[in-house]
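# With the input below, show me the fold.
(one chain, ligands or ions: 1)
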Amino acid sequence: MPHDIVILGVFVADAAFRSDRLPVLGETKIATGFTLGPGGKGSNQAVAAARAGGDVGFITRIGDDAFGQMGQRVWAAAGVNPLITCDPDHPTGAAGIFIEEGSGRNAILISPGAAGAITTADLTPHAALIAGAKVAVTQLEQPVAVARDFLRIAQAGGAITILNPAPATSLPGEMLGLCDYVTPNETEAAALTGIAVVDLNSAAAAAEALLAQGVRQAAIITLGAEGALVRDRKGARHIPQMQAGTVVDTTGAGDAFNGGFACALAQGMDLDRALRFATAVAAISVTRAGTAAAMPAAAEIRALLQG
Ligand code: RIB
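All right, here's what the predicted structure looks like:
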């Protein structure tokens, strides 16, 4: 069955600790809170897009274990169609997440587990779905070569391609030319361009450099509380962040943004409308704890956009 949106990426279980600060090496510190829940950028983006109203297929690899079953439950609840390989030889991965009390800012260490063993052979049974999608999205938590092959299949089929280049890593030369849109945060944009992103001007310079490296439609740099900076052939524009309440947890905000963006493009919105939609999805997600669990439903997004 074809899908409007096909996403390749990672599912892991997120072990999230809240504290006023990270422990230093050699120190043990009592956390102020803990949750174990679904995560992984690809899975979070798939859930965000589906909750926002998208028709989503998600390609990944999970282990034959309790964390893998957690993923299956989350996708079923969100209406994501899992296009998965179940790998008996590798466990499903996990992420250790530190959330700073007060600001809601986070730091993440991830072990992709079974999804780190994804190969291009995992794409082969789904090649027609990838090529036939309206929008194809991936990130860089699974091997980069597989992300490249995914984008290549999607582009050859005429899909709109989005690369969320997270976490930051070096890319093969042809990679950005396979992307209609790239959506790095400040750190990732700096890693890709060598330009330190510290304000809107430097974000615009980094975005311009990404276009010069081959990105086809637009480079979109997400800027946390400052929203996003988009640069396309028309020029650079600032998309301010929307406010939806008190920020409790910023983990997965980028995933909310990317999932919302994919959903909006699949629904035929133009770039600026799609970015406003994505910003609304991210704004709501940070008012809630967790990642996949924080993704808003279509009605909530509409209410914020109209409010
Ligand atoms: O973007 C947030 C996600 O990054 C978390 O859910 C964690 O699993 C890591 O993949």
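# Tell me the bridge partners for the residue of the chain found nearest the ligand.
Here the chain gets closest to the ligand at one residue, G39, 2.6 Å apart by Cβ to the nearest ligand atom. No exception for glycine: its C-beta is placed from N, CA and C like everyone else's. Bridge pairing for G39 (DSSP bridges) gives the partners V12.
# Is it in contact with G9, as I believe?
No. With contact defined as Cβ atoms under 8 Å, G39 does not reach G9; the gap is 10.9 Å.
# Output the set of residues of the stretch 151-300 of the chain in proximity to the ligand.
Residues of the stretch 151-300 of the chain that fall close to the ligand, judged by Cβ under 6 Å from any ligand atom: T251, G252, G254, D255, T291.
# can you give me the helices for this protein?
Counting by DSSP state H, the chain has helices at residues 41-51, 66-78, 127-132, 144-157, 186-193, 200-212, 253-266, 271-285, 298-306.
# Contacts only, for A13.
By Cβ atoms under 8 Å, 6 or more residues apart in numbering, the residues touching A13 are L36, G37, P38, G39, F67, M70, T92, G93, A94, A95.
# Then V230?
Contacts of V230 by Cβ under 8 Å, 6+ apart are A207, A218, A219, I220, I221, A236, R237, I239, L271, D272, L275.
# What number of residues are in the vicinity of the third one?
Residue crowding around A219 was assessed by other Cβ atoms under 10 Å; the count is 29.
# isn't it right up against A236?
No. With contact defined as Cβ under 8 Å, A219 does not reach A236; the gap is 9.3 Å.
# who touches both of these two?
A207, E208, V230.
# Of those, just say which sits nearest to T246.
Using Cβ to Cβ, V230 comes nearest to T246 of these, at 26.9 Å.
# Under the pLDDT cut-off, which ranges of this structure? List them.
Scanning the chain for pLDDT under 70 picks out nothing.
# And the residue nearest the centre of it?
D255 (3.3 Å; Cα atoms, centre = their mean).
# For it, list the residues it contacts.
Counting by Cβ under 8 Å, 6+ apart, D255 has contacts K41, N44, Q45, A48, N164, S285, T291.
# Can you tell me which of the helices of the chain is most buried?
helix 41-51 (a mean of 32; mean count of other Cβ atoms under 10 Å).
# distance of the closest residue to T246 other than its chain neighbours from A280?
Once flanking residues are discounted, T246 sits nearest to T287: 6.3 Å by Cβ to Cβ, 6 or more residues apart in numbering. Distance from T287 to A280, counting by Cβ to Cβ, to the nearest Å: 12 Å.
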